[in-house]
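Colleague: model the following, please.
(2 chains)
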Amino acid sequence: MASTLPYDVQSIRSEFPILQRKVKGKSLVYFDNAATAQKPKQVIDAITHYYSHYNANIHRGLHTLADEATAAFEASRAAVQAFIGAKQHEEIIFTKGTTESINLVSNAWGNVFLEAGDEIIISSLEHHANIVPWQMIAERKGAVIRVIPIDADGRLDMEAYKKMLSSKTKMVSVVHASNALGVINPIEQIIQLAHQHGALALVDGAQSAVHLDIDVQSLDCDFFVFSGHKTYGPTGVGILYGKRHILESMQPYQGGGEMIKEVSFEKSTYNELPFKFEAGTPNIADVIALQFGIDFISRIGKAAIRQHEAELLAYASSKLRLVEGLKIRGDVEEKVSVVSFTIEGVHPQDLAILLDNQGIAVRTGHHCAQPLMNCLGVVGTTRASFAAYNTIEEIDILIEALNKSLKMLK
Amino acid sequence: METSPSISAIEKEIIGDFSMFETWEEKYEYIIDLGKKLAPLNETFKTDDYKIKGCQSSVWIHSFEKDGRVFFEGDSDAVIVKGLVSLMIHVLSGHTPQEIIDAPLGFIDEVGLSSHLAQTRSNGLRAMIKQMKLDATAFKLKG
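Modeller: A predicted model of the protein is given here:
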């Protein structure tokens, strides 16, 4: 249960060993959480504990270590199931990240169901991971990619989307919250409209899963994908949620051990869900540790973290608006805790170098969303993204460092 | 031209210049200043043909040969990177292709700029050096 105590950011910070670090002689200010979140001690300890006490291959061995490892691995599946409100644990597939989850769907679903002339709808806000896999399968199948345009603030043009939908639309794959701008899309409406036209809907939840309450059943999305490392878990673990009957209708993604029922040189039969899509020995240690990242979020409470992050975002945005020539990109109400900005006459890379020298980690560049940067007419932005452990004081440090950097660059 | 200092002499001079800086601010203010003062690159060379791939900022390097020596000019849309372009031109321009190819460029580490060579930076210093050495190799082969 979520705590009802006041939000104690110092106590939360003490759970993250890396926050003690100095960078260039200064206390680290980590504002690159949208790229990857830092890990609480319980996640780090879980990895060590697994390798020190019960390292074994899962699902097959008939010995104590294998039993323990299998139970811990499957406990993570149950934790993810609860985290996103999936109906069945078989609907949770472990991958190595959001990127692999999307590639799995584009291949294993696309190979079976896409035909020449079919259309796949994505949006202008997409990360390359939700563009390129669709381009690859579209090219193989002769399908067509259509792109929902945005306005100057990064809001999707829903009227254009409605006009784009037709009986040719087979898949709508849209980001829940933009990694580059933080803008939250009206995802329920997007899914509903897709279904009205007989298309499936995939939600890229890489940026939303950690911040927003996710219930895949009430969203009614067909697929929901996200990464463990952005939810305070380890890198190398991703999640693919898919509705059971759809996953069952798809081809396996990779062949090998674990994913088969019987193999002969003539023919193999495939294992049941979720193992059908988990060929080979999975990333056991990191999958196990993931449940502790999720546990961290549940313990503090998603709503409490969201409230804290909203305060940080509002404070940072108000301070940034005072900086001469600065423009916040994607300056809308509905946002996750990301502030992306450009400053007239200042290259984001120069800013990143000078901020790094002051111990501040931000992200600059195109954020793996080059088409979006082209839409906005910028070479890139500077992005600060906030997590449960960030503080108002750190934002003051950022603003001071930013002003100092600008003075140096003028 | 015969009396122009060697690459290693120029590197030593730069190490000497940087040793006077006591803070990171002084170091970067110097690089920014170099960037601002770099002679502008003719717009005709600011095309994809002269653009160095793999940089977060745009970097253009144009090279030409005169009397057996290679000369460089360049530009960037980011001023710190432009300062690094200026530094590299100062070190490598006006030498023979073989001297450029052989230059170990140890000064980058000595003046504390090696973080700009990190692969994650994508900020061009590594790509810039590679391109300049490639150009020198091309001139050597044409030789």
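Colleague: how about the strands in the stretch 51-200 of chain A?
Modeller: Using DSSP state E, counting those that start in this stretch, the strands found in the stretch 51-200 of chain A span residues A:92-95, A:119-123, A:144-148, A:169-175, A:200-204.
Colleague: what's the closest of those strands to chain B?
Modeller: Nearest to chain B among these is strand A:169-175; the distance by CB to the nearest CB comes to 22.4 Å. From N, CA and C alone the C-beta is placed, and that goes for glycine too.
Colleague: what number of residues lie near the closest residue to chain B within chain A?
Modeller: Residue of chain A nearest chain B, by CB to the nearest CB: A:H347 (3.7 Å). By the criterion of other CB atoms under 10 Å in any protein chain shown, A:H347 has 25 neighbours.
Colleague: which residues touch it?
Modeller: Contact analysis of A:H347 by CB atoms under 8 Å, 6 or more residues apart in numbering or on different chains lists A:V379, B:S57, B:D77, B:A78, B:V79, B:V81.
Colleague: which residue in those has the weakest pLDDT?
Modeller: Within the set of the contacts of A:H347, pLDDT is lowest for B:S57 (82).
Colleague: did I read that right, it in a strand?
Modeller: No - counting by DSSP: H, G, I helix; E, B strand; the rest coil, B:S57 is not part of a strand but coil.
Colleague: that one: neighbour count?
Modeller: B:S57, neighbours per other CB under 10 Å, totals 23.
Colleague: buried ones in the helix or strand where A:H49 lies?
Modeller: Using DSSP states H and E, A:H49 maps to helix A:41-49. Within helix A:41-49, the residues that count as buried by 16 or more other CB atoms under 10 Å in any protein chain shown are A:Q42, A:V43, A:I44, A:A46, A:I47, A:H49.
Colleague: now tabulate these in TSV and tack on distance to chain B.
Modeller: Output for these, formatted as TSV (distance: CB to the nearest CB, whole Å):
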residue	distance to chain B
A:Q42	28
A:V43	23
A:I44	22
A:A46	27
A:I47	23
A:H49	30
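Colleague: so which of those residues is the closest to A:A78?
Modeller: If you rank the buried residues of helix A:41-49 by distance to A:A78 using CB to CB, A:A46 comes first, at 15.3 Å.
Colleague: name the nearest residue to the residue positioned nearest the centre of chain B, sequence neighbours excluded.
Modeller: With distances taken as CA atoms, centre = their mean, B:M88 lies nearest the centre of chain B, 1.8 Å away. Nearest non-adjacent residue to B:M88, counting by CB to CB, 6 or more residues apart in numbering or on different chains: B:M128, 5.9 Å away.
Colleague: thinking again about what came up before, dump the buried residues of helix A:41-49 into JSON lines; add distance to A:R146 and pLDDT as well.
Modeller: Below are these laid out as JSON lines (distance: CB to CB, whole Å; pLDDT from 0 to 100):
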{"residue": "A:Q42", "distance to A:R146": "44", "pLDDT": "98"}
{"residue": "A:V43", "distance to A:R146": "40", "pLDDT": "98"}
{"residue": "A:I44", "distance to A:R146": "43", "pLDDT": "98"}
{"residue": "A:A46", "distance to A:R146": "43", "pLDDT": "98"}
{"residue": "A:I47", "distance to A:R146": "42", "pLDDT": "98"}
{"residue": "A:H49", "distance to A:R146": "48", "pLDDT": "98"}
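Colleague: stretch A:166-186 and chain B, any residue contact?
Modeller: No - using CB under 8 Å from any CB of the partner chain, stretch A:166-186 never reaches chain B; the gap is at least 14.2 Å.
Colleague: list the contacts for the residue nearest to the centre of chain B?
Modeller: So B:M88 contacts B:F72, B:G74, B:L125, B:M128, B:I129, B:M132 (CB under 8 Å, 6+ apart).
Colleague: just the pLDDT at it, thanks.
Modeller: 95.
Colleague: that one sits in which helix or strand?
Modeller: Counting by DSSP H and E, B:M88 is found in helix B:79-92.
Colleague: can I get the strands of the stretch 51-200 of chain A in CSV with mean neighbour count and mean pLDDT?
Modeller: Shown next, in CSV, are the strands of the stretch 51-200 of chain A (neighbours: other CB atoms under 10 Å in any protein chain shown; pLDDT from 0 to 100):
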stretch, mean neighbour count, mean pLDDT
strand A:92-95, 25, 98
strand A:119-123, 24, 98
strand A:144-148, 17, 98
strand A:169-175, 25, 98
strand A:200-204, 26, 98
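Colleague: SS state for the closest residue to B:Y30 other than its chain neighbours?
Modeller: Here the nearest residue to B:Y30 in space, its sequence neighbours aside, is B:F21; by CB to CB, 6+ apart that works out to 6.7 Å. Classification of B:F21 using three-state DSSP returns coil.
Colleague: count of neighbours near B:F21?
Modeller: 15.
Colleague: and A:Y270, by the same measure?
Modeller: 17.
Colleague: for the nearest residue to it once chain neighbours are set aside, what are its contacts?
Modeller: Spatial nearest neighbour of A:Y270, excluding adjacent residues (CB to CB, 6+ apart): A:K276 at 5.0 Å. Counting by CB under 8 Å, 6+ apart, A:K276 touches A:L247, A:P252, A:M259, A:Y270.
Colleague: using CSV, write out the CA atom coordinates for whatever helix or strand the first one lives in.
Modeller: The reference is to A:L247. Assigned by DSSP H and E, A:L247 belongs to helix A:244-249. Provided in CSV are the C-alpha atoms of helix A:244-249 (Å, rounded to 0.1, in the frame of the first residue of the first chain):
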residue,chain,number,x,y,z
ARG,A,244,-3.7,-13.4,-25.1
HIS,A,245,-5.7,-14.3,-28.2
ILE,A,246,-3.5,-11.9,-30.3
LEU,A,247,-0.3,-13.3,-28.9
GLU,A,248,-1.5,-16.8,-29.6
SER,A,249,-2.3,-15.9,-33.3
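Colleague: what's the pLDDT at the nearest residue to A:I58 once chain neighbours are set aside?
Modeller: Spatial nearest neighbour of A:I58, chain neighbours left out: A:T70 (4.3 Å); criterion: CB to CB, 6+ apart. Here the pLDDT value assigned to A:T70 is 96.
Colleague: now do B:S4
Modeller: 79.
Colleague: residues contacting the residue nearest to it when sequence neighbours are not counted?
Modeller: Among residues not flanking B:S4 along the chain, B:G94 sits closest, at 5.9 Å (CB to CB, 6+ apart). Applying CB under 8 Å, 6+ apart to B:G94 gives the contacts B:M1, B:S4, B:R69, B:V70, B:F71.
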